[in-house]
Each structure stands twice: as C-alpha cells, then as structure tokens.
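In: this one's structure only:
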C-alpha cells in the first residue's frame, strides 16, 4: 500500500535508475491477451535491476510519453537497443533513445523465412485435403470404398504434409531417421517446398557464418537474387521486408546482439502468470515483479 507507483501501476511502472548502455524492448501478454511493452537492462541478466519500464499497450505515443519522463542524461546512456521489426517499437526507440544503435533481432528475421516455408506446406496440405474430399465423394457415388495412396514410410499425402511441420524448422543434421525419410519423400513430391526449405536454411547460415557487416550485406544481396529467381511470393515478401529494415538488421553483425534477454524475461513473466493461474490484480502482480526484478 505504500508503493510509490501503486496509483499508476496498472498503466505503467518506471525505474530510471535501472537504465543501462545495452537495453532490449519487447511486448508480452500479461492477462487475457492484453499486451504490455517491456523495456529491460541487459546487464542485469534477468535479475535485480532488470526492469526499466513496463507500459500497458504497444502504442508508440503512450509508451514514449512514459519513457520520456526519464532525464535526457539517462536516456542517452543507451548505446544499443535490440527489438523486433514492429514499426511501433522502432518509433519508440528513435524517440526515446536517439543515441542508441537499433539492432533487429536475428530470430525474428529467420522466423519470417520459416513462416514462408510453412505457408507453402499448409497451402499444399489444403489442396491435398480438397483433392481427397473430391475423391471420397466420387467413390461414394460409384458405391466404392475410397482408399488413399500410402508412401513407403506409411504416410498418406495429407499425413506427409501435416507431419513435416517440425522437420522444416530444423537443420538436416538434426533430423531423426524418420524425419530424414519423410523429408526425402516430401522433397521428391514437392520440389518447391525443398527449394523454400533450403532458402530458409541459407538465410540462417548467413547469420551463423558471417562476422562482418560488409560481408553479410554481400551475402544477403546474393540471397535476394536466389529468392527472385524462384518466384515464390511468400519469400519475395520476406526479401522485401529485410530490404526495408536492412540497416538495423546488419547492425547485428557488429556485436552479434540479440533480443534473447527480453524474450527470456517475458518467459519468466508468463511462467509467473501460469503459476498464479492468471492475473486478476495487475497492479499487485506488477508490484511483485518489481520487487524481484526492479
């Protein structure tokens, strides 16, 4: 009851003294899908002194108004800020931490490529389901029993596409024997999915194998060329998104900074939420968080 931030805690909490040179910003669902913007100090490593601010919503103006309550000297301490490709997060970073170099998290970039592969798999699966439904109706009309074709690993086409989801996120070297066999069949039947899978892996390899910004920029340009030659619409969107944000994406190769600290802190919040079976009193929940992490 004596907490100095209790009156506005449900809307925002702010701890200027926790400001540091390397910070992260992300969003988290605190209760019933309601999003909060979280700004953390990476140097605290998820312990005391981690929370700089937690603000209800993701509106750039609202979040910026809270962060601008910090002095100019504290805000200019930030030299690097990691974030996703959200326009609102970028605006918050530019407005409140103008001296900080923005670094777009590599995992968000790679996630776009993975989603493009999954989009192609899902589209093929829906087409297969439609074909199967038509075949079943025809068999019924003829008074026959429909029997689906089965591959050597025991999958039907519909099952093959459904069960290939997880292997398309993994490197070949991490596939199990069953996944390797399923991938062989999938890539034989759907060569476009094979091309898309290797495009996503090549993008990941650029992050893993490249240490310098100039080299990374050259490799990304070559990757764009390969994407254009395939003509895949989903990957064209990925390439254009990367081109739009390339300056902040390339900044990763300076210190290889990621937003893993913010993602990890968000996981802690979600874990608390699960333990308490949801959040009824948001102000009290944030009070407990601040006692541990602010």
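Out: That came in fine, so what should we check first? Please read all numbers here as calculations on a predicted model, not as lab measurements.
In: now for the helix or strand that contains residue 93, which elements pack on it?
Out: Per DSSP states H and E, residue 93 falls inside helix 87-96. Helices and strands in packing contact with helix 87-96 are listed as strand 22-31, helix 60-67, strand 80-83, strand 101-104; criterion 3 or more CB pairs under 8 Å, 6 or more residues apart in numbering; DSSP states H and E. Glycine gets a C-beta too; all of them are placed from N, C-alpha and C.
In: All the strands of this protein, residue numbers only.
Out: Under the criterion DSSP state E, the chain contains strands at 12-14, 22-31, 34-41, 51-56, 80-83, 101-104.
In: one step back: find the one among the helices and strands packed on helix 87-96 with the highest mean neighbour count.
Out: Greatest average neighbour count among the helices and strands packed on helix 87-96 goes to strand 80-83 (a mean of 26), per mean count of other CB atoms under 10 Å.
In: Stretch 49-65: how far from the chain's middle?
Out: Centre-to-centre, stretch 49-65 and its host chain are 20 Å apart (CA atoms, centre = their mean, to the nearest Å).
In: in the helix holding residue 93, what counts as buried?
Out: Buried residues in helix 87-96, counted by 16 or more other CB atoms under 10 Å: 88-90, 92-93, 95-96.
In: Quick check: closest non-adjacent residue to residue 273.
Out: Spatial nearest neighbour of residue 273, excluding adjacent residues (CB to CB, 6 or more residues apart in numbering): residue 279 at 5.7 Å.
In: Isn't that neighbour up against residue 31?
Out: Yes: counting by CB atoms under 8 Å, residue 279 does reach residue 31; the two are 4.0 Å apart.
In: Mutual contacts of the two, please.
Out: Common contacts of residue 279 and residue 31, defined by CB atoms under 8 Å, 6 or more residues apart in numbering, comprise 273, 285.
In: how about the helices in the stretch 151-294 of the chain?
Out: For the stretch 151-294 of the chain, the helices defined by DSSP state H, counting those that start in this stretch occupy 157-163, 177-189, 191-209, 213-230, 233-244, 246-250, 252-255, 260-275, 282-293.
In: For residue 69, which of the ones you listed is the nearest?
Out: Of all the helices of the stretch 151-294 of the chain, helix 282-293 sits nearest to residue 69, with 16.1 Å by CB to CB.
In: which outside residues touch that closest one?
Out: Helix 282-293 is contacted by residues 3, 5-6, 9-10, 13, 15, 30-31, 44, 46-51, 54, 265, 268-269, 272-273, 276, 279 when judged by CB under 8 Å, 6+ apart.
In: Among the residues you listed, name the buried ones.
Out: Among the contacts of helix 282-293, those classed as buried by 16+ other CB under 10 Å are 9, 13, 15, 30, 44, 46, 49-51, 54, 265, 269, 273, 279.
In: okay if I get the residues you listed as JSON lines plus distance to residue 285 and pLDDT?
Out: Conversion of these to JSON lines gives the following (distance: CB to CB, whole Å; pLDDT from 0 to 100):
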{"residue": "9", "distance to residue 285": "9", "pLDDT": "89"}
{"residue": "13", "distance to residue 285": "11", "pLDDT": "94"}
{"residue": "15", "distance to residue 285": "16", "pLDDT": "96"}
{"residue": "30", "distance to residue 285": "7", "pLDDT": "78"}
{"residue": "44", "distance to residue 285": "20", "pLDDT": "93"}
{"residue": "46", "distance to residue 285": "18", "pLDDT": "89"}
{"residue": "49", "distance to residue 285": "19", "pLDDT": "93"}
{"residue": "50", "distance to residue 285": "16", "pLDDT": "95"}
{"residue": "51", "distance to residue 285": "13", "pLDDT": "95"}
{"residue": "54", "distance to residue 285": "10", "pLDDT": "94"}
{"residue": "265", "distance to residue 285": "15", "pLDDT": "90"}
{"residue": "269", "distance to residue 285": "9", "pLDDT": "86"}
{"residue": "273", "distance to residue 285": "8", "pLDDT": "82"}
{"residue": "279", "distance to residue 285": "5", "pLDDT": "76"}
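In: want to throw those into JSON lines with distance to residue 113?
Out: Below are these laid out as JSON lines (distance: CB to CB, whole Å):
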{"residue": "9", "distance to residue 113": "39"}
{"residue": "13", "distance to residue 113": "36"}
{"residue": "15", "distance to residue 113": "37"}
{"residue": "30", "distance to residue 113": "30"}
{"residue": "44", "distance to residue 113": "32"}
{"residue": "46", "distance to residue 113": "28"}
{"residue": "49", "distance to residue 113": "35"}
{"residue": "50", "distance to residue 113": "31"}
{"residue": "51", "distance to residue 113": "32"}
{"residue": "54", "distance to residue 113": "31"}
{"residue": "265", "distance to residue 113": "25"}
{"residue": "269", "distance to residue 113": "28"}
{"residue": "273", "distance to residue 113": "30"}
{"residue": "279", "distance to residue 113": "34"}
